[in-house]
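Engineer: Curious how this folds, go ahead:
(one chain, ligands or ions: 2)
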Amino acid sequence: MKEVLIAPSILSADFAKLGEECAAMEKAGADQLHIDVMDGHFVPNISYGAPIMKSLRKVNKMFFDTHLMISHPIDYVEDFVKSGADRITFHLECEDDTMEVIEKIKSLGALPAIAIKPGTPFEKVVPYLPFIEMVLVMTVEPGFGGQSFMADMMPKVKALREIIEKEQLSVNIQVDGGIDKNTIGFAAEAGANIFVAGSALFKQEDYDKAVEELRAAAN
Ligand code: DX5
Ligand code: ZN
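Structural biologist: Numbering: from 1, shown residues only. Ligands and ions are numbered 1, 2, ... in the order given. Just a heads-up that it's a prediction; the model follows:
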């Protein structure tokens with residue numbers, strides 16, 4: 001089993017003090033910063049874009065995990081990599097050619113990853129597993145923080161983990177949406193190893209404790 005990694009989603013942070021919020025998560029021992037980008041078209045919400053990441057990059061050394069919930073990732077990949085993204089996750093359901101987006105991310109030196117929405121069967125992402133570093137199985141409909149975890153996504157995680165093991169691929173499985181100390185165990189048991197959490201981290205009083213509790217529950 002791969003190492004457990006905790007990725008706080010800054011969507012739930014206090015944007016008026018974003019730098020301090022992220023520094024506090026780094027100090028709390030979180031592993032990757034999850035940066036949710038929404039275009040108001042692929043999802044019914046708008047969040048923030050590359051300039052925010054660029055500013056954060058200057059003050060934070062963490063691994064930047066970029067989740068693009070946008071219709072045309074191909075047009076923005078370069079912006080995000082230049083602004084400091086370490087990994088770029090785009091949606092299989094977007095309007096661009098999957099292999100083209102993967103190749104573009106790789107050519108710019110970032111790690112490519114594919115996300116699937118709750119309604120997308122896991123089989124659709126299988127052909128791309130040899131070319132990506134991570135697959136993100138959404139455990140809520142993308143667009144908003146604070147929604148309830150969809151336990152019925154766990155068979156998809158399990159099936160993907162089995163294929164990854166069988167084919168001896170080096171692919172991480174991430175889950176995103178409704179992850180907290182009560183749900184993270186189900187996702188870990190199914191085979192996920194990177195856990196995104198917004199509300200369960202940034203909406204807590206004590207970040208050190210919140211990160212530690214999530215990590216303990218995943219193990
Ligand atoms: C939802 C985003 C998530 C979101 C998770 O579209 O992709 O990353 O911030 O928030 P919680 O952990 O509160 O469900
Ligand atoms: Zn996300």
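Engineer: ok, now which ones touch the residue in the chain positioned nearest to ligand 1?
Structural biologist: Of all residues in the chain, Gly198 sits closest to ligand 1, at 3.0 Å by Cβ to the nearest ligand atom. Every C-beta, even on glycine, is put in place using the N, C-alpha and C of the backbone. Each residue near Gly198 by Cβ atoms under 8 Å, 6 or more residues apart in numbering is listed here: Pro8, Ser9, Ile10, Leu11, Ser12, His34, Gly145, Gly146.
Engineer: Among those, which one sits closest to Lys181?
Structural biologist: Relative to Lys181, the closest of the contacts of Gly198 is Pro8; by Cβ to Cβ it sits at 14.0 Å.
Engineer: before we move on, back to that, show the buried residues in the contacts of Gly198.
Structural biologist: For the contacts of Gly198, a burial check counting by 16 or more other Cβ atoms under 10 Å picks out Pro8, Ser9, Ile10, Leu11, Ser12, His34, Gly145.
Engineer: And what about the last one, helix, strand or coil?
Structural biologist: Put simply, Gly145 is coil when judged by DSSP: H, G, I helix; E, B strand; the rest coil.
Engineer: which one is it nearest to, not counting chain neighbours?
Structural biologist: Spatially, and ignoring its direct neighbours in sequence, Gly145 is nearest to Gly198 (4.1 Å; Cβ to Cβ, 6 or more residues apart in numbering).
Engineer: one step back: now, the contacts of Gly198 that are in helices?
Structural biologist: Among the contacts of Gly198, DSSP state H puts none in helices.
Engineer: Now narrow those residues to whatever sits close to ligand 1.
Structural biologist: Ser9, Leu11, Ser12, His34, Gly145, Gly146 (Cβ under 6 Å from any ligand atom).
Engineer: Let me know the closest of the residues you listed to Lys166.
Structural biologist: Of all those, Lys166 sits closest to His34, with 28.2 Å by Cβ to Cβ.
Engineer: Tell me how many other residues crowd Lys166.
Structural biologist: By other Cβ atoms under 10 Å, the residues close to Lys166 number 8.
Engineer: so which residue of this protein comes closest to ligand 2?
Structural biologist: Closest to ligand 2 within the chain is His67: 3.8 Å, counting by Cβ to the ion.
Engineer: which residues touch that residue?
Structural biologist: With the criterion set at Cβ under 8 Å, 6+ apart, His67 makes contact with Ser9, His34, Ile35, Asp36, Val37, Thr89, Ala115, Leu136, Asp176, Val196.
Engineer: Which one (most neighbours) among those?
Structural biologist: Counting neighbours by other Cβ under 10 Å, Leu136 leads the contacts of His67 with 30 neighbours.
Engineer: Next up, the contacts around it.
Structural biologist: So Leu136 contacts His67, Thr89, Ala113, Ile114, Ala115, Ile116, Ile173, Gln174, Val175, Asp176 (Cβ under 8 Å, 6+ apart).
Engineer: Let me know whether the second one touches Ala113 as I believe.
Structural biologist: Yes - the pair Thr89 / Ala113 is scored as a contact, 3.9 Å apart, by Cβ atoms under 8 Å.
Engineer: For this protein, what lies in contact range of ligand 1?
Structural biologist: So far as Cβ under 6 Å from any ligand atom goes, the chain lies against ligand 1 at 9, 11-12, 34, 36, 67, 140, 142-147, 176-179, 196-200.
Engineer: Swap in 5 Å and give it another go.
Structural biologist: Near ligand 1, the residues belonging to the chain are 9, 11, 36, 142, 145-146, 176-178, 196-199 when assessed by Cβ under 5 Å from any ligand atom.
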